[in-house]
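Undergrad: the sequence isn't on hand, but the structure is:
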């Protein structure tokens, strides 16, 4: 079932590349059919997990490409399977003006397949292989249209990704050499404890930085705002679901399933990673406040909020990991909604700067209403989902000593900055006068293919305000290694 879940999007991608249908509706049917089929398979796997593993390729007695679904993989795979069909439906209307849809949706499907491979990875080698493949699959989405700015963004993207992968590979090779094992084990690979402690700490920091490049951790964040030149359905997935979350997922794998968190906690390596996460939160929020371009503003916001997840994970406690996982899931819902709203404004009105959406609530009431709701959730206004995850993170940080207290202060400062860079323009869209130059006296809200995914996302966030206990209980069990 795991193999079929991964294979279906890849088969759909191959079909689009080979057949190149001239009717865009055929392209859409093929894309949605294979996307929904894969998501249904993933749902069956997530809700009916099995203990079996599957080896796709045996490279040596210790290295293999193997699939297995544990609790952490279920969380990531379920999140991806839920959001990918919604992003795809949104993309159908958005891509009308972009062209090259067969090429675009082919790589869109391929990226889905590879992301599932990361979620299903049983061991270090499998995670690393699919992590690298994700860079290649999404590169062509960033460069879609092959304009000069897209090519530049693609080059910058791949340079950062390959540099990060090189650091991660050093950690991976060292772990396998000293432990003689590669399979993920909650609590760390036991045989790794025989390696020199100083080397373990260096490799831990390298793994954090290497996999953290995809999560845009400071100072390896510059690729993220630049990648915003890609079509919005790409940036929504890059910044909310696939690439950045794959980076966070890999960091959690290394921190809890490869290295022993009890061994790392309290060391200089632990302090370095916590400080980098806090610096990333503050830097991302500060840059978002001063950034006038809507998509780049959200890109810096992503940098900040992904570091919330890293902060929770780097507390190296079950409570911290639970808070990090909560924010990983909730941020995906909030940020894909925000990016989709901004994309709708850009494609329907041609406006892309913060000052240009003043009064836009008069012409796009649905889009700006959704933007306000998702923005309020991301700020962390009680009792919205962003508040729930931030409260859990702050509670976990309070028990982590002086650095934990500093982390709580960072979370509070970031919340204020988030309110400035999101709520100020959101309220301005409703209460400030509209610049009507270039606009007609009609509604600019998009069609149903863009509206339906946004409505579903808002309903999901509203439901989680009142009925989040099953999800948070599941995440708590995952954080404790019970699943």
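TA: Structure received. For clarity, every value in this text was computed on a predicted model and none was experimentally measured. Residues are numbered from 1 along each chain as shown.

Undergrad: next SSE after the host helix or strand of residue 263?
TA: With secondary structure defined by DSSP states H and E, residue 263 is part of helix 261-264. Downstream of helix 261-264, the next assigned helix or strand under DSSP H and E is helix 268-290.

Undergrad: mind listing what's buried in that next one?
TA: Buried residues in helix 268-290, counted by 16 or more other C-beta atoms under 10 Å: 269-270, 272-274, 276-278, 280-289. Quick note: C-beta positions are derived from backbone N, CA and C, even for glycine.

Undergrad: chain center to that helix: distance?
TA: 17 Å (C-alpha atoms, centre = their mean, to the nearest Å).

Undergrad: try stretch 171-181
TA: Using C-alpha atoms, centre = their mean, the offset of stretch 171-181 from its chain centre is 27 Å.

Undergrad: can you give me the strands in the stretch 51-200 of the chain?
TA: 54-58, 64-67 (DSSP state E, counting those that start in this stretch).

Undergrad: what average pLDDT does the longest one get?
TA: By that I understand strand 54-58. Taken as a whole, strand 54-58 has a mean pLDDT of 85.

Undergrad: packing partners of that strand?
TA: Counting contacts by 3 or more C-beta pairs under 8 Å, 6 or more residues apart in numbering; DSSP states H and E, strand 54-58 packs against helix 2-19, strand 64-67.

Undergrad: hey, least reliable of these by pLDDT?
TA: strand 64-67 - the lowest mean pLDDT of the helices and strands packed on strand 54-58, at a mean of 88.

Undergrad: list the contacts for residue 236?
TA: Each residue near residue 236 by C-beta atoms under 8 Å, 6 or more residues apart in numbering is listed here: 87, 90, 335, 336, 339, 340, 343.

Undergrad: for the residue nearest to the second one when sequence neighbours are not counted, what are its contacts?
TA: Looking back up the chat, that one is residue 90. Leaving aside its chain neighbours, residue 90 sits nearest to residue 453 (4.6 Å; criterion: C-beta to C-beta, 6 or more residues apart in numbering). The contact partners of residue 453, taken as C-beta under 8 Å, 6+ apart, are 86, 87, 89, 90, 340.

Undergrad: which element is residue 453 on?
TA: Going by DSSP H and E, residue 453 is in helix 448-466.

Undergrad: any idea how many residues pack against residue 59?
TA: Each residue near residue 59 was counted by other C-beta atoms under 10 Å, and the total is 11.

Undergrad: ditto for the one 10 residues further on
TA: Residue 69: 25 surrounding residues under other C-beta under 10 Å.

Undergrad: tell me the helix or strand right after the lowest-mean-pLDDT helix or strand in the chain.
TA: Least confident element among the helices and strands of the chain, by mean pLDDT, DSSP states H and E: helix 232-240 (a mean of 77). With elements assigned by DSSP H and E, the helix or strand that comes after helix 232-240 is helix 243-257.

Undergrad: in terms of secondary structure, what does that next one contact?
TA: helix 71-94, helix 101-120, helix 124-142, helix 197-212, helix 294-314, helix 318-349.

Undergrad: between these, which gets nearest to residue 10?
TA: Closest to residue 10 of the helices and strands packed on helix 243-257, according to C-beta to C-beta: helix 101-120, at 4.2 Å.

Undergrad: tell me the angle the closest one makes with strand 54-58.
TA: 100 degrees (axes from the mean of the first three to the mean of the last three C-alpha atoms, to 10 degrees).

Undergrad: helix 101-120 vs helix 232-240, what angle?
TA: 20 degrees.

Undergrad: helix 101-120 - what's its average pLDDT?
TA: 91.

Undergrad: list the buried residues of it.
TA: Per 16+ other C-beta under 10 Å, helix 101-120 contains these buried residues: 101-120.

Undergrad: what's around residue 99, how many residues?
TA: 12.

Undergrad: residue 159 now?
TA: By other C-beta under 10 Å, neighbour count at residue 159 equals 12.

Undergrad: quick check: it vs residue 461, distance?
TA: Using C-beta to C-beta, to the nearest Å, we find residue 159 at a distance of 36 Å from residue 461.

Undergrad: likewise residue 80?
TA: Distance from residue 80 to residue 461, by C-beta to C-beta: 17 Å.

Undergrad: between those two, which has more neighbouring residues?
TA: residue 80 (24 against 19).

Undergrad: doesn't residue 241 make contact with that one?
TA: Yes - using C-beta atoms under 8 Å, residue 80 is in contact with residue 241, at 6.0 Å.

Undergrad: give me the common contacts of those two.
TA: With C-beta under 8 Å, 6+ apart, residue 80 and residue 241 have common neighbours residue 115.

Undergrad: nearest residue to residue 280 in space, please, no chain neighbours.
TA: Closest to residue 280 by C-beta to C-beta, 6+ apart is residue 307, at 3.7 Å.

Undergrad: do residue 449 as well
TA: residue 93 (3.9 Å).

Undergrad: again, but for residue 464
TA: residue 385 (5.0 Å).

Undergrad: which residues does that neighbour contact?
TA: Contacts of residue 385 by C-beta under 8 Å, 6+ apart are 330, 333, 334, 377, 461, 464, 465, 468.

Undergrad: filter these down to the buried ones.
TA: So, by 16+ other C-beta under 10 Å, the buried ones in the contacts of residue 385 are 330, 333, 334, 377, 461, 464, 468.

Undergrad: list the contacts for the last one?
TA: Contacts of residue 468 were listed using C-beta under 8 Å, 6+ apart, and they are 385, 388.

Undergrad: next one: it relative to residue 435, how far apart?
TA: Counting by C-beta to C-beta - residue 468 and residue 435 are separated by 40 Å.

Undergrad: the nearest residue to residue 317 once chain neighbours are set aside: neighbouring residues, count only.
TA: Of all residues not flanking residue 317 in the chain, residue 396 sits nearest, at 6.2 Å (C-beta to C-beta, 6+ apart). As a burial measure, residue 396 scores 24 neighbours (other C-beta under 10 Å).

Undergrad: and residue 396, how far is that from residue 332?
TA: For residue 396 relative to residue 332 (C-beta to C-beta), the value is 20 Å.

Undergrad: what does residue 133 give?
TA: 21 Å.

Undergrad: out of those two, which sits in the more crowded spot?
TA: Neighbour count, other C-beta under 10 Å: between residue 133 and residue 332, residue 332 has more, with 25 against 17.
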